[in-house]
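Chemist: need a 3D model of the sequence below.
(chains A and B)
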Amino acid sequence: MSGFDKVVSSYADALEGLKDDMTVIAGGFGLCGIPEGLIAEIKRMGTKGLTIVSNNCGVDGFGLGILLEDRQIKKMVSSYVGENALFEQQLLNGELEVELTPQGTLAEKMRAGGAGIPAFYTATGYGTPVGEGKEVKEFNGRPYILEPSITGEFAIVKAWKADKYGNCMYRHTAMNFNPMAATAGKVTVVEVEEIVEPGELEPSQIHTPGIYVDRIIKGSFEKRIERKVLAKEAK
Amino acid sequence: MALSRDQIAMRVAQEFSDGNYVNLGIGIPTLAANFVPEGIEVMLQSENGLLGMGPYPTEDQIDADMINAGKETVTAITGASIFNSSESFAMIRGGHVDVTVLGAFEVDVNGNIASWMIPGKLIKGMGGAMDLVAGAKNIIVTMTHADKHGNSKLLPECKLPLTGVNCITKIITDLAVLEVDNGAFHLKERAPGVDVEEIKQKTAGKLIVDGDIPEMQF
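Modeler: Next up, the predicted model:
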């Protein structure tokens, strides 16, 4: 059975093999559903030249934003990066490269990458700067652009519960990009709130089947809230 | 008089039909959720992966795992569903969302929209806007008719980098409701007290005014 026991006990084990210049696909939307401990470990390891594929790049001092502090990120592939000053500074300095990708295209690039589909046509971005230089093909009279899919040497994912087989469930909107990221890593590492006994997760309710998952680590999460808005503030 | 932000949102909400799935962008579009007409039920889609978005939470209801596409804390209504980002954009790109409302810098007579990037300023990214304008069935733009210098935002041709092409069918501004068809803006309604002359003056793209133009009703 040990072949299916994916639980590791240290962050060093969780990210063993991560090297300079690799591509890391990260789950999360803003600060919601991010693998906090794995990001902290990448900072501790000091791995450089990374290409990070993630919808956002955290904020100053938290989430993926901490990897900017020691200039570990060479390139970000994201849909929205307007949340941190250090990012802006490094972008303007030319120290950081960014490939802005529409949010749905980004999700689909990960999903397709994980599903063995090398590229797909989409209407999103046609006629805009995103479509420049990309192959255009018409289907039923409408133009579409060809978008290549994405895979990475590593994927880092945050889940709510997992068993040792790597079966995962996510909680509420902390799901976001995590299930797609999980499929698109050559090595997929999942940081979870709780490791449960096999059988505790109802098989038909599992979001990410264990086949996609290589390593599981139990984390502890701050779950910082990016924009706290309360009912009474709403107009 | 030009409409307030809330009044634009009220007029937007009149576009909703009972049973619509609706995606609202940040800003004025989000306010439209407060003015859904009596007797009409709509379900709000938030593109980070929530269908059936509810109001902002009370202090007791706050949950870091429950946010909207603007990364604000939010709640889910009874009957909501939550799913991954790929599923969320399948709904959008597959044409399953009935109405999308979003803001813009410029719209032109061919239904092109520019809403995400001003060259020379820092580029923050398009988020889900390009997917929304490429996928939704009925896309409504809300914006002021002219910028603060009085320059029209309804143009013969967008000058800023585009978010999408040939996709906008309706525009609700602080002065008017217009439809976009056949290479022109068609004036359908004017804000109470705003005359057609003012709208003509502030519309740079071809404007068709057919017959008497009624005032918006609230």
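Chemist: give the residue farthest from the middle of chain A.
Modeler: residue A:141 (34.6 Å; Cα atoms, centre = their mean).
Chemist: kindly apply the preceding question to chain B instead.
Modeler: Most peripheral residue of chain B (Cα atoms, centre = their mean): residue B:60, 31.4 Å.
Chemist: still on that earlier bit, distance check, the residue farthest from the centre of chain A against chain B.
Modeler: 12 Å (Cβ to the nearest Cβ, to the nearest Å). Using the backbone N, CA and C atoms, a C-beta is placed for each residue, glycine as well.
Chemist: so what pLDDT did the residue farthest from the centre of chain B get?
Modeler: Residue B:60 is assigned a predicted lDDT (pLDDT) of 95.
Chemist: part of a helix, is it?
Modeler: Yes. Judged by DSSP: H, G, I helix; E, B strand; the rest coil, residue B:60 forms part of a helix.
Chemist: and the closest residue to residue A:79 other than its chain neighbours, how many neighbours?
Modeler: If the residues on either side of it in the chain are set aside, residue A:79 comes closest to residue A:103, at 4.0 Å by Cβ to Cβ, 6 or more residues apart in numbering or on different chains. Using other Cβ atoms under 10 Å in any protein chain shown, residue A:103 is surrounded by 30 other residues.
Chemist: CA atoms only for stretch B:127-146, dumped as CSV, please.
Modeler: Extracted as CSV, the C-alpha positions of stretch B:127-146 are listed here (Å, rounded to 0.1, in the frame of the first residue of the first chain):
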residue,chain,number,x,y,z
GLY,B,127,-9.2,39.4,-15.4
GLY,B,128,-12.3,37.7,-16.8
ALA,B,129,-13.5,40.6,-18.9
MET,B,130,-12.4,39.3,-22.3
ASP,B,131,-14.0,35.9,-21.6
LEU,B,132,-17.3,37.6,-20.6
VAL,B,133,-17.5,39.8,-23.7
ALA,B,134,-16.7,36.9,-25.9
GLY,B,135,-19.2,34.5,-24.3
ALA,B,136,-22.3,36.1,-22.9
LYS,B,137,-25.5,36.4,-24.9
ASN,B,138,-26.5,39.9,-23.9
ILE,B,139,-23.8,42.3,-23.0
ILE,B,140,-24.7,45.7,-21.5
VAL,B,141,-22.1,48.4,-21.0
THR,B,142,-22.6,51.0,-18.3
MET,B,143,-20.4,54.1,-18.3
THR,B,144,-20.7,57.9,-18.3
HIS,B,145,-21.5,59.2,-21.8
ALA,B,146,-18.4,61.4,-21.8
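Chemist: and that stretch, how far from the chain's centre?
Modeler: 6 Å (Cα atoms, centre = their mean, to the nearest Å).
Chemist: after the least confident helix or strand in chain B by mean pLDDT, which helix or strand is next?
Modeler: One helix or strand of chain B scores below all others by mean pLDDT, DSSP states H and E: helix B:28-31, with a mean of 93. Scanning forward in sequence from helix B:28-31 by DSSP states H and E, the next helix or strand is strand B:42-46.
Chemist: what separation do you get for the residue farthest from the centre of chain B and chain A?
Modeler: Residue B:60 is 10 Å from chain A, by Cβ to the nearest Cβ.
Chemist: just residue B:51 next, same as before
Modeler: Distance of residue B:51 to chain A, computed by Cβ to the nearest Cβ: 11 Å.
Chemist: identify the residues contacting the residue nearest the centre of chain A.
Modeler: By Cα atoms, centre = their mean, the mean C-alpha position of chain A lies nearest to residue A:26, the distance being 2.0 Å. Contacts for residue A:26 (Cβ atoms under 8 Å, 6 or more residues apart in numbering or on different chains) come out as A:34-35, A:39, A:52-54, A:64, A:155-157, A:177, A:181.
Chemist: residues near the closest residue to residue B:187 other than its chain neighbours, how many?
Modeler: Nearest non-adjacent residue to residue B:187, counting by Cβ to Cβ, 6+ apart: residue B:209, 4.9 Å away. Residue B:209 is flanked by 16 other residues according to other Cβ under 10 Å.
Chemist: distance of residue B:209 relative to residue B:200?
Modeler: Taking Cβ to Cβ, to the nearest Å as the measure, residue B:209 falls 7 Å from residue B:200.
Chemist: again with residue B:75
Modeler: Distance from residue B:75 to residue B:200, by Cβ to Cβ: 44 Å.
Chemist: what does residue A:144 give?
Modeler: 38 Å.
Chemist: more neighbours: these two, which one.
Modeler: Neighbour count, other Cβ under 10 Å: between residue A:144 and residue B:200, residue A:144 has more, with 21 against 11.
Chemist: list the contacts of the more buried one.
Modeler: Residue A:144 neighbours (Cβ under 8 Å, 6+ apart): A:121-123, A:126, A:136-138.
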